[in-house]
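Novice: pasting the sequence and the predicted model now:
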Amino acid sequence: MRTNYARLRKLFGALSLSLVGIFSAEGAVALDSLQLIPRPVTISYTKGTLTLPKRLTLSAHTPRVLRDGLAGLSLATTEAKGRTSSFIRSRIDPSVQGREGYRLTIGARGIDLVARDEAGLRQGAQSLLQIIGQYGARLPQLSIVDSARMAYRGVMLDVSRHFMKTDMIIRLLDEMARYKLNRFHWHLVDGGGWRFPSEKYPLLTKKAAFRTESDWDKWWQKDRRFVDEGTPGAYGGYYTKEEIQRVVRHADRLGITVIPEIELPGHSNELFSAYPELSCLDGWAFENSDVCIGNEKTFTFFEAILDEVMALFPSKYIHIGGDEATMRHWGDCPKCTERKRVEGLKDDHELQSYMIRRIEKYLNSKGRKLIGWDEILMGGLAPDATVMSWRGEEGGIKAAKEGHDVILTPGSHVYLDFYQREADGEPRANGGFTTLEKVYSYNPMPKELTASEAKHILGVQANLWTEYVLDEAHAEYMLFPRVLALAEVAWTPQADRDYASFLRRANYHVPALLKRGVNAYPLRHIAALNDVDTARREVSVRLMSERPAAEIRYTVDGSIPTALSPVYDGRPIVSRDSILLVARLFDGGKALDVPDLRFRTDYHKGIGKKITYNDCSWNEKYPAGGERALLDGVRGTPTYLDGRWQGFTSPLDVTIDLGREEELSHIFAKFMQERIQWVYMPGEVEVLLSSDGVNFRSVVKQSTRTSEEIYQPVFETFSFPMKERARYVRLRASNDRPKGNFIFCDEIVIH
């Protein structure tokens, strides 16, 4: 049996090639030298270059983003008297094909930009600005024909948990437009604080926008109280109407639609600090986060707030949240009970659906459309609602099959609050591990849909929740360059996307982002991916880095690589025993200031052997490889979401039959802890041995050394050196925590 990693092999092979294009002697440009993101649909080159004059003449129909962008590049411009005398000639031609389609030609006598519509002109302008930014005054002669794969290309920023200032929002919009993203989802209110200004309900910003503590864990786990604006030491903030108008105007100039979110019926505990009558408990309580649907004042409140929202935001779509309502108090609330009786609602899911439908009807009466997270499917979906599917693709698939529009935003690929590399040395994140490659690998077109159903997939969105994002610089670090990967996912045809090409271009754009003052993550992850060949009884490891131009030097004995260590050449590193690999990045013989990679894999006695789960079973959501997962030799990456870690909500208790009595020198098992995601270390791991599979003797026990207070992902290897003989190895790992908490195991290694 051989684990198939064909896609990864193709990727590694591509990365081993030279990826840097150069000008030829004749002045033609090599295909891969152009650093555009997102990659256009087609690019064709001609020999020669075009030199920009000191003053550029622009035709009358030049889009504003191009005029502003040229000014930002310190290029002087003037408007030509006639189109033919223009050096940069822009015009609209409805015959141009494709969504936001444009044709950009850089020829011997100037530049022509022709687009289907104003949106196409803006997108072509952004491509031209990127080319000028790369080449300066001497441009390669080329022709680009381009259009958007998806209509909706979005980024969501949560400003409730941690308030982000308007200037940061403006910078984000500028970068979104540069990379052809066109929807900014502004998560304005949530349990962390109310950020929207209301004239009718002024206590919202006075009493629900500031809290006692900036640290999310300290506040959410132990306090959850708000304080009045102006209280010494208060943490928070809110936007003025003028600031919101500034953001909306700036976005409109860039061709970006701002979609506001007003969360309901859950995630609303901040409301009760200002207006306690909206709660089923008629007041604030630590675990009370759902509004009272039985209270007519709730609808009066939200309709008035939505009126104020619609007055400031011209977006066709208004997002109403709808996710993660606890429904904790609705069953005991007399008003909610009466509402269910009068409306003929059979349960709390239908009660929530009643509110969503009623709010949708109100929005529709104002000429707007409702978007909600995929929980709005529960209890029956509102007639014209658009579903934003975050709990995987299932909700989106269901909605599309029912004829509803969908935006895909699964946590597995496009949640940007997760770590970008191993947690050591990184700013705090919300657990998880979502690399640049993981974002890029997403294809937002579920194969389960027919062609007609697929038309309901409007697009894709990346989300940055900010529980652990403390300020604007941290937010930018989490957004960039992963947002660039999303941009290419949403714009470029699936068949034309290639991660090796994108990674080369991303390495060009990250320094440019940093130069523009964006605090981008500097691309410093080294990945190890292992393979197992049971026929040859060997393990192998392949390496890749986020900096393909750098050398990877490595050792296999656990020592730190030096300039004299072997250079990784793209071929697998093979062993019939164990590999204790350490890898570093080098440039010209000098180690780069990026973290080392440490990785161990083993071909051990347990691989392929029979394993029995004793009165325990893995959680259905985290099966990894099923009953072979703990003995397949394939090591997990730094996230339980990679499909290689097996998850249990019960104690782990397995027996491995080695087939015959063996000499045993070392047994170990690796577990992880991600406290934020309810994943904890087992309190104790025990090894028992037997010759007959019936009578077991306990050989050794080990308690965890990992504190539950550590917020970062932690990995602990429970190691048991020994001198024993046995045929059967039994491993037990305790899970004494309340229901719903996990332990995750990677591999049980037997030497």
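Specialist: Thanks, I have the structure now.
Novice: show me this structure divided up by domain.
Specialist: 18-146, 524-603, 605-751 (automatic domain parsing).
Novice: chain center to stretch 135-147, what's the gap?
Specialist: Centroid separation between stretch 135-147 and its chain, computed with Cα atoms, centre = their mean, to the nearest Å, is 31 Å.
Novice: cool, stretch 585-601 as well?
Specialist: Distance, centroid of stretch 585-601 to centroid of chain: 26 Å (Cα atoms, centre = their mean).
Novice: cool, stretch 597-614 as well?
Specialist: Its chain's C-alpha centre and that of stretch 597-614 lie 31 Å apart, by Cα atoms, centre = their mean.
Novice: heads up, I number from 42, so please use that
Specialist: Happy to do that; since the first residue is 42 now, the last one works out to stretch 638-655.
Novice: any idea of the mean pLDDT in that stretch?
Specialist: Stretch 638-655 carries an average pLDDT of 95.
Novice: so which bits of it are buried?
Specialist: Buried positions in stretch 638-655, judged by neighbour count with 16 or more other Cβ atoms under 10 Å: 638, 640-648, 652. Every residue, glycine included, has its C-beta placed from N, CA and C.
Novice: pull the longest strand from the chain.
Specialist: strand 693-714 (DSSP state E).
Novice: what packs against that strand?
Specialist: When contacts are defined as 3 or more Cβ pairs under 8 Å, 6 or more residues apart in numbering; DSSP states H and E, strand 693-714 packs onto strand 651-654, strand 725-731, strand 755-774, strand 784-791.
Novice: so which of those strands gets nearest residue 378?
Specialist: The minimum distance between residue 378 and those falls on strand 784-791, with 39.7 Å, by Cβ to Cβ.
Novice: what residues does the closest one touch?
Specialist: 643, 645-647, 663, 671-677, 681, 685-689, 692-693, 695, 697, 699, 705, 707-713, 720-723, 770, 772, 774, 776 (Cβ atoms under 8 Å, 6 or more residues apart in numbering).
Novice: quick one, it and strand 755-774 angle?
Specialist: 70 degrees (axes from the mean of the first three to the mean of the last three Cα atoms, to 10 degrees).
Novice: can you give me the mean pLDDT across strand 784-791?
Specialist: Here the average pLDDT along strand 784-791 is 96.
Novice: how distant is that strand from the center of its chain?
Specialist: Here strand 784-791 shows a centroid-to-chain-centroid distance of 27 Å under the convention Cα atoms, centre = their mean.
Novice: quick one: it to strand 693-714, angle?
Specialist: Strand 784-791 runs at 110 degrees relative to strand 693-714, counting by the same axes, to 10 degrees.
Novice: sheet-wise, list the partners of strand 784-791 with their directions.
Specialist: Paired neighbours of strand 784-791 in the sheet (DSSP bridges): strand 687-689 (antiparallel), strand 693-714 (antiparallel).
Novice: most tightly packed of these?
Specialist: Per-stretch averages of neighbours, counted by mean count of other Cβ atoms under 10 Å, single out strand 687-689 among the strands paired with strand 784-791, with a mean of 21.
Novice: report the distance from it to the chain centre.
Specialist: With Cα atoms, centre = their mean, you get 23 Å for strand 687-689.
Novice: report the rounded mean pLDDT for that strand.
Specialist: pLDDT averaged over strand 687-689 gives 97.
Novice: swap in stretch 236-247?
Specialist: The model assigns stretch 236-247 a mean pLDDT of 98.
Novice: residue 768 reaches residue 704, doesn't it?
Specialist: No - assessed by Cβ atoms under 8 Å, residue 768 is found out of contact with residue 704, at 11.4 Å.
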